[in-house]
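Visitor: missing the sequence, but the structure's below:
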């Protein structure tokens, strides 16, 4: 699982950028972060060719239900362009890096929201905030991530 940090919402003037890289196992990683920091309100990971994406996203203002250490089952709505989807998620608390809550959810690269995100470069949601790609290199990073993740045809 990717390192995840930050409960602060990104504003248009903040230096957040989308970036893509592969780890030593060739897993794809797409993060929206401030360069050279752990300030990252959303990240996506995948196994190459799987067609599946794991999304970690901060949920500012989340209130822990009852007692216990979680994770807590919830639903997180994500938007990209005109596409909307409501995903089952587990909300977890991170007291070390963020001192806040984040949701973990799974999506398919073929989901309408993921397809629209790939095209528009923007991902958002009513409980998580907005994460827009501002530059062509960011949009290229998003497309490269999804190309790396999308299912491969078998011979």
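Guide: Yep, that arrived. What you are looking at is a predicted structure, and each value in this text was computed from that prediction instead of being measured. Numbers count the residues shown, from 1 in each chain.
Visitor: Report the rounded mean pLDDT for the top helix by length along the chain.
Guide: The longest helix of the chain (DSSP state H) is helix 136-149. Mean pLDDT, computed over helix 136-149, is 97.
Visitor: can you give me the strands in the protein?
Guide: 16-22, 28-34, 42-46, 52-58, 72-80, 83-94, 100-108, 122-125, 129-132 (DSSP state E).
Visitor: So which elements touch the second one?
Guide: In this case it means strand 28-34. Strand 28-34 sits against strand 16-22, strand 42-46, helix 136-149, with contacts defined as 3 or more CB pairs under 8 Å, 6 or more residues apart in numbering; DSSP states H and E. Every C-beta, even on glycine, is put in place using the N, C-alpha and C of the backbone.
Visitor: Now it: buried residues?
Guide: Residues 28-34 are the ones in strand 28-34 that count as buried (16 or more other CB atoms under 10 Å).
Visitor: same check, this time on the fifth one
Guide: For strand 72-80, a neighbour-count test (16+ other CB under 10 Å) marks 72, 74, 76, 78-80 as buried.
Visitor: what sits up against that strand?
Guide: Residues outside strand 72-80 that contact it (CB atoms under 8 Å, 6 or more residues apart in numbering): 55, 57, 59, 64-65, 84-92, 103, 105, 107, 113-117, 119-120, 122-128.
Visitor: Likewise for the second one?
Guide: The set of residues that contact strand 28-34 without belonging to it, under CB under 8 Å, 6+ apart, is 2, 6, 10, 14-23, 39-48, 123, 131, 141-142, 145, 148-149.
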